[in-house]
Every structure is written in structure tokens, then in C-alpha cells.
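>>> Sequence plus predicted model, see below.
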Amino acid sequence: MNDDFFWFVNNRIVIPGVKGEYRFIHITDLHIHAWDEMSTEEEKERAKNAWVEGKENFAKSSGEPFGESQKISTVEAFEKILLLANELSPKAILLTGDNLDHMHPAGEKYLKNRLLEYAKKGGKYICVPGNHEAPDFDGIWSSELQVFDFKEFRIVAINDSEKTVDEETLIKLESLCKDGIPIIIICHIPLSTELCRSKLEYAGPYFYIDEKTDDSNGRKFVSLVKNSEEIRAVICGHLHRYIKCEISDGKIQIIGSQGMAGAVDLITVCGE
Ligand SMILES: [Fe+2]
């Protein structure tokens, strides 16, 4: 798509033995603010001004593209992303949280309608909640671990939006890791280990779950992801900056930048 709004990063997740090529679009941190006839004046005003300066500041501090084309509303940004998805027909759009800037009726209605329309036309979306959102949003994302099968691997959606995961998630993930089917995890908050800490610590501990965190579930989660042979990659967001790093040798973490400023990860999952 010829549109100055977007900037793309190509990412490959190589899983030895996978025969097909599976293409995904990864978008994160859309921070959608919508308003409609039911919104209060205050909500309308807030929606118009949301993130105008914030997204530019993030882009500038990261040295990422930002110009006039990125100065559009969060709803206009999402409309462009849907057009892009219609054109590229990915296996799924992966939305890794802060999809909405906060839970608000106009935004919820807008996002839900647009995603359901996309699904009606045969498109697939997989969402996880971010720290700006409620952990559950009926039919759109869930606080519970969800599994999406792509025959040769699975995408496992995990709610880590509060910098931790619940017991049930750990138990389910542990059990999935015994099935012998490769797993790609999508979540909101990045994981930090010895191998990638130097790339993340600029952001401060609010922005990642460190393998040395005091929270025992957080620690177990990072350790499981790091050590399980079945988990092959992590896809997440939260930083508003693109970073690709390794959680352990060869296990990549793709941290998408801000979708509201045109950042799109094109992800291909393939064999060697
Ligand atoms: Fe965010």
C-alpha cells in the first residue's frame, strides 16, 4: 500500500520443520479514542487531542519516522490499518494491547464493530489486552490464555497487562509446552532476560517483566518462556518503540512500535 502513514518492519520467525509460509500483520498500541453521538463534550474533546503530542514525542525519542502523515487521529489510523489488512490478507492481524486508549463506550463500540466486520469478510484477528484496558472485552480479547491453531504451530495469547500472569495461565502454558507443538506467544508487556536486558532497561522497569522480578508469577512466566523448547518467539508492544531482541539463544522477541503512528510489523513464520 502506497501510504506515507505506514512504516514497515519485516520480521521472520523461523521454526525448523514448518513447511508453509504464514504471514501476519502485527499492530500494537493503537490507543484508539473514539467518540459518537452518545459521547459527552469532554470525551469528544479528549478524543480529538489524544496522543497528538505523545506519539510524536515517543517517535522522536526513538528516532522513528514521524511527519505530517502520522498526525492523524487514532480512528483514522485504524481505518488505514483495516484497508492494509484487506489488501495483504494476512493469516491474522495480531493486536498486542493498548488497542483502546481506555475503556470508553464509543471506543469499545467502534473497535468491536470494525473487528467483527473484518471477521465477517473472512479476516482473522487475535487480540490481547494492554495496561490501558480492562482485562476482558467480550468476544474481542480475554484475560484467560487463548490458543489459536495454525496447523504447524500455535499462537498463544496471554494477558500480562499487569506485569504478571495468573496461576491458571501458568498451568495452561506449562501444559501446552508438553504437547510438542511450536508456540508463538503474543502479549502486551515485553519480557526481560539477561540476554536482552540491555536493550530494554532504558525504558525503566514499568515497561518490562524482568526475570528477576519480585513477583513470583512474573518470574515463573519469564522463566517458562525462556526455557521451554516449544516456545519459539514472543510478539508484544508497550514500549512505543520497535525493538527486536533475543530472550534466549535464537528465541526472538519482536516488540512492535506504536500502531497509532503507522508502525506495522510484517511477520512471516516459516521453516528454515
Ligand atoms: Fe501503549
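Thanks, I have the structure now. Numbers count the residues shown, from 1 in each chain.
>>> got a pLDDT number for the nearest residue to Met103 once chain neighbours are set aside?
Take Met103 and drop its neighbours on the chain: the residue closest to it by C-beta to C-beta, 6 or more residues apart in numbering is Ala134, 5.0 Å away. Every C-beta, even on glycine, is put in place using the N, C-alpha and C of the backbone. pLDDT, the model's per-residue confidence, is 97 for Ala134.
>>> pretty sure Ala134 contacts His102?
No. Ala134 sits out of contact with His102 when judged by C-beta atoms under 8 Å, with a separation of 9.2 Å.
>>> residues in the chain within reach of the ion, list them.
Residues of the chain lying close to the ion (C-beta under 5 Å from the ion) are Asp29, Asp98.
>>> try it again with 8 Å
Where the chain comes near the ion, counting by C-beta under 8 Å from the ion, the residues are Thr28, Asp29, His31, Gly97, Asp98, Gly130, Asn131, His132, Gly237, His238, His240, Gln258.
>>> TSV please, covering the residues you listed and showing secondary structure and neighbour count.
Compiled in TSV, these are given as follows (DSSP: H, G, I helix; E, B strand; the rest coil; neighbours: other C-beta atoms under 10 Å):
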residue	secondary structure	neighbour count
Thr28	strand	32
Asp29	coil	29
His31	coil	25
Gly97	coil	27
Asp98	coil	25
Gly130	coil	28
Asn131	coil	16
His132	coil	18
Gly237	coil	33
His238	coil	26
His240	coil	28
Gln258	strand	28
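>>> Show me which pair in those residues is furthest apart.
Between all members of those, the longest pairwise span (C-beta to C-beta) is found for Asn131 and Gln258 and amounts to 14.2 Å.
>>> rewinding a little: now do the phi/psi pair for the residue nearest to Met103.
Backbone torsions of Ala134, given as degrees, to the nearest 10, read phi -70, psi 150.
>>> With Phe137 instead?
Per-residue torsions, Phe137: phi -140, psi 110 (degrees, to the nearest 10).
>>> Roughly how far does the residue of the chain positioned farthest from its centre sit from Gly107?
In the chain, the greatest distance from the average C-alpha position (C-alpha atoms, centre = their mean) is reached by Glu41, at 30.7 Å. Applying C-beta to C-beta, to the nearest Å, the value for Glu41 to Gly107 is 16 Å.
>>> for Ser248, same thing?
37 Å.
>>> So those two - more neighbours on which side?
Gly107 (25 against 16; other C-beta atoms under 10 Å).
>>> Give me the mean pLDDT for the host helix or strand of that one.
With the criterion set as DSSP states H and E, the secondary-structure element containing Gly107 is helix 105-120. Averaged over helix 105-120, pLDDT sits at 97.
>>> Need the residues that contact that helix.
Contacts of helix 105-120 from elsewhere in the structure, counted by C-beta atoms under 8 Å, 6 or more residues apart in numbering, are 32-36, 38-39, 43, 47, 75, 78-79, 82, 85-86, 93, 99-101, 125, 127, 137, 139-140.
>>> What strands flank the following helix or strand past that helix, and is each parallel or antiparallel?
Later in the chain than helix 105-120, the nearest helix or strand by DSSP H and E is strand 125-127. Partner strands for strand 125-127, per DSSP bridges, with pairing direction: strand 92-95 (parallel).
>>> mind listing the helices for the protein?
Under the criterion DSSP state H, the chain carries helices at the ranges 41-49, 52-62, 74-88, 105-120, 167-176, 197-200, 216-227.
>>> Need the CA coordinates for the last one. CSV is fine.
Which is helix 216-227. Taking only C-alpha atoms (Å, rounded to 0.1, in the frame of the first residue of the first chain), the coordinates of helix 216-227 have been written out as CSV:
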residue,chain,number,x,y,z
SER,A,216,6.8,-15.0,41.6
ASN,A,217,4.3,-15.5,38.8
GLY,A,218,6.0,-12.9,36.7
ARG,A,219,9.3,-14.7,37.4
LYS,A,220,7.8,-18.1,36.5
PHE,A,221,6.3,-16.8,33.3
VAL,A,222,9.6,-15.3,32.1
SER,A,223,11.5,-18.5,33.1
LEU,A,224,9.0,-20.7,31.3
VAL,A,225,9.2,-18.6,28.1
LYS,A,226,12.9,-18.5,28.3
ASN,A,227,13.5,-22.2,28.9
